[in-house]
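[1] The following block contains a protein sequence and its predicted model.
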Amino acid sequence: MARILRQSAQLARIARQSQQLALGRSLSSTSRLARLAPLTARHLPQSPSRSSPSSLRFYSTEDPNKNKPSDEKESSSNNSSSSSKNNNNNNNNSVPEESSDGQTELEKTRKEFPLPDGWVHFTEEELERFRQFGALKGLPQFMKDDLNRTVNAIRVVGAPDELRELARRHPNGNLTIGEMGRVIRILTKMTKRLAEYEVTMHRRALGRDKDAVKSKEQDPQGAKEPRPEEQEQEKEERHEEQTKKAGGPAAGQAGGAGSGKGGDGKNKGGKESGGPQDGGNPFGKKWFLGRFSTGDLIMAAVVWALIIPYAEATFFGQSKEITWQEVHKDFLSKGLVKKLTVYNTGKVRVELHQDAPSAGGLDPNVQYFFSIGSVDSFQKQLEEAQNQLGIPLQDRIPVNYATEGGMWPIIMAFGPTLLLVGLLMYTTRSLGGRGGNQMFGFGKSKAKMFNHESAVKVKFSDVAGMDEAKAEIMEFVSFLKTPERFERLGAKIPRGAILSGPPGTGKTLLAKATAGESGVPFFSVSGSEFVEMFVGVGSSRVRDLFASARKNAPCIIFIDEIDAIGRSRQDGSRPGGSNDERESTLNQILTEMDGFNTSEQIVVLAGTNRADILDQALLRPGRFDRHIYIDRPTMKGRQDIFKVHLKKIVTKEDQEHLVGRLSTLTPGFSGADIANVVNEAALAAARVNAESVELIHFEQAIERVIGGLERKSLVLKPQEKRTVAYHEAGHAICGWYFENADPLLKVSIIPRGKGALGYAQYLPSGDAYLMTVEQLMDRMAMTLGGRISEELHFPTVTTGASDDFRKVTQMARKMVTEWGMSDKVGPMHFSEDPHQLQKPFSETTAQAIDAEVRRIVDQAYAQCRELLLAKKHEVGLVAEELLKKEMLTRDDMVRLLGKRPFPDHQDFEKYFGGEDGLKKPDGSGGQGQKSAPPPPPAEDAGSPPKEQPSPAFKEVRGRDELR
Ligand SMILES: Nc1ncnc2c1ncn2[C@@H]1O[C@H](COP(=O)(O)OP(=O)(O)OP(=O)(O)O)[C@@H](O)[C@H]1O
């Protein structure tokens, strides 16, 4: 009961605060909670004992004054009033006093607040006990005040009988969860009633203030010495004012002299702000629940249930530990013991008969207990003692067994569940992100928004070598900047553009530059970020993305790698094709793009390497109206891109010549490759502590980008090295003597990258877009040069030519099936589709194709063998030199073989000094300059068939390929 009353103290405070709120005071719920918490937490460390008192000793169901004569009753009442006043001189709220008509103020007020059904008035003894708790050392003053106010208020308004019954049933505070719920309900009722009471008292006090002010005005001379209560009142006002100054919760209340007995909630300055204007109840159920959520109440109840038992032990448990001998001698032998309760903690509580304290000269307020070793030994001892005392069997002392520390069973039973629920709530909130209205925020778009002022600094000048694409996309910029220019003439602005092309060609860069130029927000998201394992998340993210975009219009949305979601919906037949989640995401994009009108000024750009697999619905006019294909840069484009990136590094090389030479060396390179080469060159220079980046560093970088790292640790056996040298020499001789072969730059037997034991580098004749049959035949013959050289110089052949055969066969097959270069098969195109089960040609055609492919390869073989037989000596020369030097440049070749019998192409002549060595136009450089590599294999699945034969970047594979 004491505990429950303590809770009422909190409730009183809440009620009072509620009243303050109603009067215009602001008191946040956090401060309320902050004030609730110390009530329990601050006092725990002071607990010397944890035993609980028997509530029966403090409370009874009957009013102790009930059977007393009325004058005695009144005096009792008055005594307790005065005692309460003495105990707490701040206790100026609702302390009933005797009125002139003989009725106590308490009785009068009680009449105004008739008890509802099931409510009782607490006895003075019960209330007094509660006040004692307030007087305990260590309790902060504000809590003591609250407690006293609550006691006084409860004294008038009463409390549900259930509360008393609960307290009686559970003196140790071990409530079940169901009972805790009941307590919450009871407390809610009490709070409401207490609040009503305080408001009434407050109104009454206000009325008295007004009267007092009036009488003062009438009798200005009649200032009297203030009564003690008034002095106390003023004292409290001063205290409140100080609190206000210190930023306390009672802000906004004007100070001033008040008169009359009073409620704490009285408006001391006579100035009421925001108070209830009418007679209605400002603390109606709705209001109450609005201020204190169910969560707050449950929290309070849980804290109460878990912590209060300790507080109770601290403040109420005037307990005394005694020994078994004392129990035997002073209690059992005198027959004072009514019951013994054994707790799981090894303590036994001694419950005495009602009249035992007086009979045995004991303090009735002390709870006695003793410790036992084990339950068995205790039972034995007790039995022996009772036998010894000759207590008859029927009068033996009953022994109870109970669990102490009410919180532990609850924690053990409900702790894990509560923890789980708490964790779940926490995760929900923290993952919920903005708004948190969607489960875990999965449905939130992951698009990053760049603000033009901060993040997107890219301009069109940073994007080199794609003039047509830039011009095309410029229109979007003008639309975002000056939409009226287009709308005036009734033109509809394209809603979006698909930027497609091989990887690293600057699609993202172009989109960023568009945002940078137009100066609008830029939402960047990758198609794969819409994909989640949960169905519906993708479309939800699309919705969220477009909703954010609408809020920030005008703006640009850029969806990179849109093929992750925009793949054709008919592709279900393909492995891993049909996917409901992907399709619903795509549908949502289609819907959103239809949903905004052209005046909304949202431009959607999308980047992909696989425009060919996109759904047709995405590509139709009205959605992605523009298709901008961004190819690998041309010679001019590469020069421009090199210029952009060279600006960022320190080099003293002649810019014009450097750019030209590097661009010549890098046909087929994308913008990203070029950026990488420049960066690698700077790193190479830094590695050797060079002052600036030189040409050699660039060429090393190109070689590294193409061929991978040199593998110095890979040591070949002498015979293997010899085979590799003759193999590479075969390629080099072919490249030197076939007219249509690409000019040779370098031949090496230093292993590089993955599996390449040696390689020959050639420079393809510029940006070749077309190839003749002769070029193809020479290239095939040159590719077969390695194996044929092995045949001619060794008794056996090796596995090293496998990759060469693959390339040759592929070229020959394409000549027959795609390029119409076979008379027998004719001008036909049979594309190879690995997913098609049936070939798109008859068996006869298949045989014809096979025969033609074989014929072409045989022809190339014969052509190569003929040359290498004729140049067997030269092959030997080059191979032996290679074995000596491991790497030969074009100069070495000229030295060994003389000038190449055919002129080289223009760019090669210009930047590599033709056959006279690697001289720059100004005469510098020349001898000793390392040559550069060819472009990387141009096998891009998404680009239109640019079926140039892959460059002869030789890979000699090891034996493991056979496994
Ligand atoms: N035309 C260009 N001008 C200047 N730099 C370029 C150009 N193209 C590419 N780059 C460089 O390459 C980098 C990568 O380019 P970007 O990310 O735009 O390629 P992408 O086409 O979007 O590639 P992917 O298709 O793989 O996403 C850029 O950051 C830039 O440094």
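    The structure has been received and is ready for your questions.

[2] how about residue 607, secondary structure?
    Following DSSP: H, G, I helix; E, B strand; the rest coil, residue 607 is assigned to strand.

[3] what residues are up against the closest residue to it other than its chain neighbours?
    Excluding the flanking residues, the one nearest residue 607 by Cβ to Cβ, 6 or more residues apart in numbering is residue 507, at 3.9 Å. For glycine as for every other residue, the C-beta is placed from the backbone atoms N, C-alpha and C. Residue 507 makes contact with 499, 500, 501, 560, 607, 608, 630, according to Cβ atoms under 8 Å, 6 or more residues apart in numbering.

[4] if we go to 6 Å?
    Counting by Cβ atoms under 6 Å, 6 or more residues apart in numbering, residue 507 makes contact with 499, 607, 630.

[5] Could you do residue 902 as well?
    residue 739.

[6] where's it relative to residue 778, distance?
    Distance, residue 902 to residue 778, by Cβ to Cβ, to the nearest Å: 11 Å.

[7] repeat for residue 373
    Residue 373 is 104 Å from residue 778, where distance means Cβ to Cβ.

[8] Between these two, point out the one with more neighbours.
    residue 778 (24 against 10; other Cβ atoms under 10 Å).

[9] looking just at contacts, which helices and strands does the strand or helix carrying the more buried one meet?
    Assigned by DSSP states H and E, residue 778 falls within helix 773-793. Applying 3 or more Cβ pairs under 6 Å, 6 or more residues apart in numbering; DSSP states H and E, we find helix 773-793 packed against helix 718-737, helix 802-817, helix 843-870.

[10] most packed of those?
    Of all these, helix 718-737 carries the top mean neighbour count, a mean of 24, counting by mean count of other Cβ atoms under 10 Å.

[11] helices and strands around it, which ones?
    Using 3+ Cβ pairs under 6 Å, 6+ apart: helix 718-737 touches strand 744-748, strand 759-762, helix 773-793, helix 872-885.

[12] wait, which of the ones you listed is closest to the ligand?
    strand 759-762 (24.1 Å; Cβ to the nearest ligand atom).

[13] Parallel or antiparallel, list what pairs with that closest one.
    strand 744-748 (antiparallel) (DSSP bridges).

[14] hmm, who's touching the partner strand?
    728, 732, 735-736, 759-763, 887-889, 931-932.

[15] repeat that with 7 Å
    The contact list for strand 744-748 (Cβ atoms under 7 Å, 6 or more residues apart in numbering) reads 728, 732, 735-736, 758-763, 882, 886-890, 893, 930-933.

[16] Buried members of the residues you listed into PyMOL, please.
    Restricted to buried positions by 16 or more other Cβ atoms under 10 Å, the PyMOL selection for the contacts of strand 744-748 reads:
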select buried, resi 728+732+735+736+758+759+760+761+762+763+882+887+888+889+890+893+930+931+932+933
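
[17] of the contacts of strand 744-748, list those near the ligand.
    Among these, no residue lies close to the ligand (Cβ under 6 Å from any ligand atom).

[18] tell me the contacts of residue 556?
    Here residue 556 is in contact with 514, 515, 518, 520, 522, 603, 605 (criterion: Cβ under 7 Å, 6+ apart).

[19] run the last query once more with 10 Å
    Neighbour list for residue 556: 450, 452, 456, 476-477, 480, 496, 511-512, 514-516, 518, 520-524, 549, 601-605 [criterion: Cβ atoms under 10 Å, 6 or more residues apart in numbering].

[20] got it, and residue 704?
    676, 677, 680, 681, 683, 684, 710, 752, 753, 933.

[21] Can you tell me which one of those sits lowest on pLDDT?
    Among the contacts of residue 704, residue 933 carries the weakest pLDDT, at 35.

[22] which bits of the stretch 551-700 of the chain sit near the ligand?
    560, 607, 609, 641, 644, 671, 672, 675.

[23] could you dump the helices and strands packed on helix 773-793 to a markdown table with distance to residue 565 and mean pLDDT?
    Below are those laid out as a markdown table (distance: least, Cβ to Cβ, whole Å; pLDDT from 0 to 100):
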| stretch | distance to residue 565 | mean pLDDT |
| --- | --- | --- |
| helix 718-737 | 45 | 90 |
| helix 802-817 | 33 | 92 |
| helix 843-870 | 38 | 93 |
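
[24] got these as a markdown table, with distance to residue 746 columns?
    Shown next, in a markdown table, are those (distance: least, Cβ to Cβ, whole Å):
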| stretch | distance to residue 746 |
| --- | --- |
| helix 718-737 | 9 |
| helix 802-817 | 18 |
| helix 843-870 | 20 |
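
[25] out of these, nearest to residue 466?
    helix 802-817 (28.7 Å; Cβ to Cβ).

[26] Now the closest one - C-alpha only, CSV.
    Coordinates of each C-alpha in helix 802-817 appear next as CSV, following Å, rounded to 0.1, in the frame of the first residue of the first chain:
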residue,chain,number,x,y,z
SER,A,802,45.6,-22.1,-78.0
ASP,A,803,44.5,-18.5,-77.7
ASP,A,804,45.9,-17.8,-81.2
PHE,A,805,43.7,-20.6,-82.6
ARG,A,806,40.6,-19.3,-80.9
LYS,A,807,41.1,-15.9,-82.4
VAL,A,808,41.8,-17.3,-85.9
THR,A,809,38.8,-19.6,-85.8
GLN,A,810,36.5,-16.8,-84.6
MET,A,811,37.7,-14.4,-87.4
ALA,A,812,37.3,-17.1,-90.1
ARG,A,813,33.8,-18.0,-88.8
LYS,A,814,32.7,-14.4,-88.8
MET,A,815,34.1,-14.0,-92.3
VAL,A,816,31.8,-16.8,-93.4
THR,A,817,28.7,-16.4,-91.3
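
[27] Specify the angle between that helix and helix 843-870 in degrees.
    Put simply, helix 802-817 runs at 130 degrees to helix 843-870, going by axes from the mean of the first three to the mean of the last three Cα atoms, to 10 degrees.

[28] And the helices in the stretch 251-400 of the chain?
    Secondary structure of the stretch 251-400 of the chain (DSSP state H, counting those that start in this stretch): helices located at 285-291, 294-315, 324-326, 356-360, 375-389.

[29] Enumerate every residue touching residue 352.
    54, 57, 331, 336-339, 359-360, 362, 364, 366-368.

[30] which regions of the stretch 551-700 of the chain lie under the pLDDT threshold?
    569-579, 595-599 (pLDDT under 70).

[31] give me the residue from it nearest the ligand.
    For the stretch 551-700 of the chain, Cβ to the nearest ligand atom, closest residue to the ligand: residue 671, 2.1 Å.

[32] Could you report the neighbour count for that residue?
    Neighbour tally, residue 671, other Cβ under 10 Å: 27.

[33] try residue 550
    Quick note: residue 550 (other Cβ under 10 Å) scores 15 neighbours.

[34] Does it lie in a helix or a strand, and which?
    helix 537-551.

[35] for that helix, packing partners?
    strand 448-450, strand 522-526, strand 555-560, helix 563-566, helix 580-595, strand 602-608 (3 or more Cβ pairs under 10 Å, 6 or more residues apart in numbering; DSSP states H and E).

[36] Buried residues of that helix, list them for me.
    Those would be 537, 538, 539, 540, 541, 542, 543, 544, 545, 546, 548, 549, for helix 537-551 by 16+ other Cβ under 10 Å.

[37] that older thread, would you mind giving me the PyMOL syntax to select the buried ones in the contacts of residue 704?
    The PyMOL selection below is limited to those of those classed as buried (16+ other Cβ under 10 Å):
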select buried, resi 676+677+680+681+684+752+933
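
[38] Would you format the contacts of residue 704 as CSV with distance to residue 876 and secondary structure included?
    Putting the contacts of residue 704 into CSV (distance: Cβ to Cβ, whole Å; DSSP: H, G, I helix; E, B strand; the rest coil) gives the following:
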residue, distance to residue 876, secondary structure
676, 39, helix
677, 36, helix
680, 36, helix
681, 37, helix
683, 39, helix
684, 35, helix
710, 26, strand
752, 24, strand
753, 28, coil
933, 26, coil
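
[39] closest to residue 353 among the contacts of residue 704?
    residue 683 (94.6 Å).

[40] so who does the spatially closest residue to the closest one that is not a sequence neighbour touch?
    Excluding the flanking residues, the one nearest residue 683 by Cβ to Cβ, 6+ apart is residue 701, at 7.8 Å. The contact partners of residue 701, by Cβ under 10 Å, 6+ apart, come to 662, 676, 677, 678, 679, 680, 681, 682, 683, 684, 685, 693.
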